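A.B. asks: Requesting a structural model of the entry that follows:
(chains A and B)
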Number of protein chains: 2
Amino acid sequence: LQQADFDQLKFLLNHFHPGQLADILEAMPPKERKQLWDLIPESQGADTLTLLHDEVRNSLIVEMPTEELVAATEQMNVSDLADMIEELPERIRQSIEENLSDEIREHLETNLSFEEGTAGRLMSPDVITVRNDVTLEVVLRYLQLHEDLPDYTDGLMVIDRSGLYQGKLLLNKVLTHDKTSLVKEVMNSQHPAILATTDEHEVAHFFEQFHFVSAAVVDENNYLLGRIKMDDVICILRAKSDHALMGRDGLHEEEDLFAPVISSAKRRTVWLGINLVTAFLAAWVIGIFADTLDKIVALAVLMPIVASMGGIAGSQTLTLTIRGLALDQITNGNSGWLARKEVLIGIISGLLWALVVAGMVWLWFQDTGISLVIAAAIVINLVAAAAAGIAIPLILQRLNIDPALSGAVILTTVTDVVGFMSFLGLATYYLL
Amino acid sequence: LQQADFDQLKFLLNHFHPGQLADILEAMPPKERKQLWDLIPESQGADTLTLLHDEVRNSLIVEMPTEELVAATEQMNVSDLADMIEELPERIRQSIEENLSDEIREHLETNLSFEEGTAGRLMSPDVITVRNDVTLEVVLRYLQLHEDLPDYTDGLMVIDRSGLYQGKLLLNKVLTHDKTSLVKEVMNSQHPAILATTDEHEVAHFFEQFHFVSAAVVDENNYLLGRIKMDDVICILRAKSDHALMGRDGLHEEEDLFAPVISSAKRRTVWLGINLVTAFLAAWVIGIFADTLDKIVALAVLMPIVASMGGIAGSQTLTLTIRGLALDQITNGNSGWLARKEVLIGIISGLLWALVVAGMVWLWFQDTGISLVIAAAIVINLVAAAAAGIAIPLILQRLNIDPALSGAVILTTVTDVVGFMSFLGLATYYLL
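C.D. replies: Numbers count the residues shown, from 1 in each chain, chains lettered A, B, ... in the order given. Next up is the predicted model:
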């Protein structure tokens, strides 16, 4: 690139929305990403920074001069700042905090006083509040003092004299009601507030159920602390679905596709190590039957079929169960019904595919004994797979272990061990 | 349950939100679900029906008397009605359509004229429009004629005399600007409208990037047809993530956890059949080396380790690639860089785990030959897995086949075949 091209690129970047810039940065290898970042105008920098995934953002922050970082944080919103600042070295953190206005520093400390993943950490202080004993006319005049209202402002938070949350005054209502009405007559006092210690997944559920655009966050005394907006909820939903998708492969949901080779390899290799234990366990089971395999080599040829069918069937049940748990669809009351249903499906498709596999094996080896043994092993493994697919996530959940992370490994262990054990065991007993 | 309990339950149900009722219904076995549904008061029925997953909804609809269904559709919104009506038998469809008001029937026909999965099908007609040449004072008076504004109304759509979309007048602005200003001075003329033929995933991207709460939908002549709301977008995002999660196991994203056994078994068994082909292919590869296995039984014991390590490593790359494609992060420009990166990770973790496995195998069998062969096979399979994990989704995408559905099956085929082939092939060549 020539200097002229650079200038032109810089000019073009001015016309991008920070959301677009973040998307582009995330789709770039580290070197090019750094180069583009340096070209992004300061006015777009802060917004772009907050819209990046944690990992990508951190990779850019560590190389930024402190002054530049401090300047960028001036325009950041408090909840993003809280998430970011926690991961920074103490020295940089102090420079940033010193530079903030007293008001923002106070808000930042409030957010940081709540744990990550709670409503208190997510909330923003950009609430417009009104008192419950004034008329709509006063509210209208007060609003006209504002140049503009913050994003996702669908209503004003109503508080009493001491700052306690009373309800929400929807902008709708301000516009459609008589101006002489009092706020307390028009406001929605049923509009629930979210306790600051509420888990973020519950917050998301809340928003979805009640069609909120924004909601108030309060402390245990009902004192108004801030608000949570629709876009925070979309972030939560996105992180949750990424977690479910990536967790199965031992990947972190923030995994940067373009991270440097070494850091990617490090994390993924841990997962391979965990799975190696499973693989050796399966090998050990096969090893028990080494004599049998030595005598009937066809068993060695066919044994992966039994294990693989069990793995696939179990994985279907596992995915459905994990999703059902995540959506709170599975309770003590219906888990028995579900287990019976899944086992019944296991029996039906086990019998069906046992027939098909036995037929194909007979055509291949013309050996009735082996055909019958593989048929029996497939029925056993598919039923075990169904039972494991529903039991494993339920047990893990009760032990407070995330089933999305470890469920699949444990399931494969079960279906491999049961598959090899039943196939080779039955063969040893009946065919030798 | 006694009659008195029933009455009490019916009374309690009145206090639930339709979103909560839908959640409860989805978490029930078919029989209980039907019983509860019959108890839900008519006033909640329509909203609850639209909030259910397709499959659950259809299971209830088929058993509803036509009059009851017709009554429920009266309160339904047009886009939900369009989705539902398409799947109903012609006879019921006609009874419903005859019962609708002319206005709603016209809106329904407009929605149905667009394909499923487009903005035109998603939009609702509940738009409040204002002309661009009136003052805010007129707008305020007009709004005061409304009892309430529709959900997610963050602004009014501005049109000219002939109904062409001009921009959006945010409620914010109505409240904060001088009442004598003209709409065209205050409205946001940059607020883009969505073309009715736009794909729903693009719509979701749009909303996220620009922080919309609602947006106008127009036809190719810029004529205003309706609007799309935030909650539609959440549904799109949810369906997309369910598709990615469930597609891997051959499950449909609308799969009902509590569907009857037979219909669940039918769909899942198809997936097992597809995977059986893969399993037989792997078995066939092993069969080629039956003589080798007959001579060295340790190979039969160890061969699943090679295949499984490849499967796990490949699956990590596959998931990252599919997600990268879904987020539009992978382009022609960077796919080469990514492929090199993934293969490099494959080499590094291949070498590392080859060492570990070789050491463990040596401790187990005290055979240097087998240890060296398994080490080489693991390196080969992990590199092949990385290459396949990135190449398969890219190729499928180019062929317009959804990689989330078929990627994992094809990948397992590759890692099984390469794993068995390299391990048993090298053993045949060097150890016999």
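
A.B. asks: In chain A, what residue lies closest to chain B?
C.D. replies: At 3.2 Å from chain B, residue A:241 is the closest residue in chain A, using Cβ to the nearest Cβ. To be clear about C-beta, it is placed using only N, CA and C from the backbone, and glycine gets the same treatment.

A.B. asks: For the spatially closest residue to that residue that is not a sequence neighbour, give me its contacts.
C.D. replies: Distances taken as Cβ to Cβ, 6 or more residues apart in numbering or on different chains place residue B:241 nearest to residue A:241, at 3.2 Å, with adjacent residues excluded. Contacts for residue B:241 (Cβ atoms under 8 Å, 6 or more residues apart in numbering or on different chains) come out as A:237, A:238, A:241, A:242, A:244, A:245.

A.B. asks: any chance of these in JSON lines, plus distance to residue A:136, pLDDT and secondary structure?
C.D. replies: Below are those laid out as JSON lines (distance: Cβ to Cβ, whole Å; pLDDT from 0 to 100; DSSP: H, G, I helix; E, B strand; the rest coil):
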{"residue": "A:237", "distance to residue A:136": "35", "pLDDT": "84", "secondary structure": "helix"}
{"residue": "A:238", "distance to residue A:136": "38", "pLDDT": "82", "secondary structure": "helix"}
{"residue": "A:241", "distance to residue A:136": "41", "pLDDT": "81", "secondary structure": "helix"}
{"residue": "A:242", "distance to residue A:136": "43", "pLDDT": "82", "secondary structure": "helix"}
{"residue": "A:244", "distance to residue A:136": "45", "pLDDT": "82", "secondary structure": "helix"}
{"residue": "A:245", "distance to residue A:136": "47", "pLDDT": "83", "secondary structure": "helix"}
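
A.B. asks: Need the three-state assignment for residue A:215.
C.D. replies: Put simply, residue A:215 is strand when judged by DSSP: H, G, I helix; E, B strand; the rest coil.

A.B. asks: Now for it: which residues touch it?
C.D. replies: Counted by Cβ under 8 Å, 6+ apart, residue A:215 has contacts A:168, A:191, A:192, A:193, A:194, A:206, A:207, A:227, A:228.

A.B. asks: residues near the second one, how many?
C.D. replies: If you count neighbours by other Cβ atoms under 10 Å in any protein chain shown, residue A:191 ends up with 19.

A.B. asks: thought it was touching residue A:166?
C.D. replies: No - look at residue A:191 against residue A:166 with Cβ atoms under 8 Å: they stay out of range, at 9.7 Å.

A.B. asks: residues touching the most centrally placed residue in chain A, list them.
C.D. replies: Taking Cα atoms, centre = their mean, the centroid of chain A lies closest to residue A:240, which sits 2.1 Å from it. For residue A:240, the contact set (Cβ under 8 Å, 6+ apart) comprises A:201, A:204, A:326.

A.B. asks: and if you look at residue A:427?
C.D. replies: Residue A:427 neighbours (Cβ under 8 Å, 6+ apart): A:289, A:292, A:296, A:299, A:370, A:373.

A.B. asks: Point out where chain A drops to low pLDDT.
C.D. replies: Scanning chain A with the threshold set as pLDDT under 70 gives A:1-3.

A.B. asks: So which elements touch the longest helix along it?
C.D. replies: Of all segments of type helix in chain A, defined using DSSP state H, the longest is helix A:332-365. Here helix A:332-365 touches helix A:297-326, helix A:368-398, helix B:261-288, going by 3 or more Cβ pairs under 8 Å, 6 or more residues apart in numbering or on different chains; DSSP states H and E.

A.B. asks: rewinding a little: report the two of the contacts of residue A:427 separated the most.
C.D. replies: Pairwise distances across these peak at 14.0 Å for A:289 and A:370 (criterion: Cβ to Cβ).

A.B. asks: hey, what's in contact with both of those two?
C.D. replies: A:299, A:427.

A.B. asks: Relative to residue A:115, how far out is residue A:79?
C.D. replies: Between residue A:79 and residue A:115 the distance is 13 Å, computed by Cβ to Cβ, to the nearest Å.

A.B. asks: more neighbours, these two?
C.D. replies: residue A:79 (22 against 10).

A.B. asks: check whether the host helix or strand of the more buried one contacts chain B.
C.D. replies: Here residue A:79 sits within helix A:78-85, counting by DSSP states H and E. No - Helix A:78-85 stays clear of chain B (Cβ under 8 Å from any Cβ of the partner chain), getting no nearer than 14.2 Å.

A.B. asks: Tell me the buried residues in the helix or strand following that helix?
C.D. replies: Remark: after helix A:78-85, the chain's next helix or strand is helix A:90-99, criterion DSSP H and E. Neighbour-count burial for helix A:90-99 flags A:92, A:96, A:97, A:99 (criterion: 16 or more other Cβ atoms under 10 Å in any protein chain shown).

A.B. asks: For residue B:252, see how far away the third one is.
C.D. replies: Looking back up the chat, that one is residue A:97. 51 Å.

A.B. asks: same check, this time on residue A:429
C.D. replies: 40 Å.

A.B. asks: Could you find the closest non-adjacent residue to residue A:406?
C.D. replies: residue A:396 (6.5 Å).

A.B. asks: how near is that neighbour to residue A:402?
C.D. replies: Per Cβ to Cβ, residue A:396 is found 7 Å from residue A:402.

A.B. asks: Kindly report the same for residue A:304.
C.D. replies: 29 Å.

A.B. asks: higher neighbour count, the two?
C.D. replies: Comparing residue A:304 with residue A:402 by other Cβ under 10 Å, the one with more neighbours is residue A:304, at 27 against 14.

A.B. asks: need the contact list for the more buried one.
C.D. replies: Contacts of residue A:304 (Cβ under 8 Å, 6+ apart): B:279, B:282, B:283, B:286, B:304, B:307, B:416.

A.B. asks: got those as CSV, with distance to residue A:33 columns?
C.D. replies: Formatted as CSV, the contacts of residue A:304 follow (distance: Cβ to Cβ, whole Å):
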residue, distance to residue A:33
B:279, 42
B:282, 40
B:283, 46
B:286, 45
B:304, 40
B:307, 36
B:416, 36
